[in-house]
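Participant: Any chance you could fold what I've pasted below:
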Amino acid sequence: MNALTVFYAQALASEGFKVNALAPGLRKTDLNETAAASDGDPTEAAAGAVRPALLPDDGPTGEFHSWDATPVPW
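Facilitator: Here you go, the predicted structure:
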């Protein structure tokens, strides 16, 4: 996924697109009942997904972040 993120970020940069990856973290949902209730509210992850969608023109591209905007190491 990291390689695809960087590939598309580079390939689409000239078109003005930004491509970043987001790790939502472990969340208790109907699809993931094994997660503990304390693992996080799905709305936190959703808010994390909105952040990269609203990046300014000079914002980052080709990066991988956690739901709370913490950079995820490769």
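Participant: other SSEs contacting the lowest-mean-pLDDT helix or strand in the chain?
Facilitator: The weakest-scoring helix or strand in the chain, judged by mean pLDDT, DSSP states H and E, is helix 42-53 (a mean of 83). Helices and strands touching helix 42-53, as assessed by 3 or more CB pairs under 8 Å, 6 or more residues apart in numbering; DSSP states H and E, comprise strand 21-23, strand 64-66. Every C-beta, even on glycine, is put in place using the N, C-alpha and C of the backbone.
Participant: contacting residues around the residue nearest to the spatial centre of the chain?
Facilitator: For the chain, L22 is the residue whose C-alpha lies nearest the centre (CA atoms, centre = their mean; 1.4 Å). Neighbouring residues of L22 by CB atoms under 8 Å, 6 or more residues apart in numbering: G48, A49, P52, F64, H65, S66, W67.
Participant: Quick one, grab the pLDDT at it.
Facilitator: L22 carries a pLDDT value of 89.
Participant: So in terms of bridging, what pairs with it?
Facilitator: Taking DSSP bridges as the rule, L22 bridges to H65.
Participant: Can you give me the separation between it and S14?
Facilitator: Remark: distance between L22 and S14 (CB to CB, to the nearest Å) = 23 Å.
Participant: which residues sit against stretch 54-70?
Facilitator: 1-2, 5-6, 9-10, 13, 17-25, 40, 44-45, 47-49, 51-52, 71-72, 74.
Participant: Filter these down to the buried ones and hand me the ChimeraX line.
Facilitator: Here is the ChimeraX command that selects the buried residues among these (16 or more other CB atoms under 10 Å):
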select :5,6,9,18,19,20,21,22,40,45,48,52
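Participant: Which positions in stretch 48-68 come out as buried?
Facilitator: Neighbour-count burial for stretch 48-68 [16+ other CB under 10 Å]: G48, P52, T61, G62, E63, F64, H65, W67.
Participant: Distance from the chain centre to that stretch, please.
Facilitator: Relative to its chain's centre, stretch 48-68 lies at 7 Å (CA atoms, centre = their mean, to the nearest Å).
Participant: now the end-to-end length of it.
Facilitator: Taking CA to CA, to the nearest Å, stretch 48-68 runs 6 Å from one end to the other.
Participant: Same list, the helices and strands packed on helix 42-53, but as TSV with distance to D30 please.
Facilitator: Supplementary listing: the helices and strands packed on helix 42-53 in TSV, determined by distance: least, CB to CB, whole Å:
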stretch	distance to D30
strand 21-23	20
strand 64-66	23
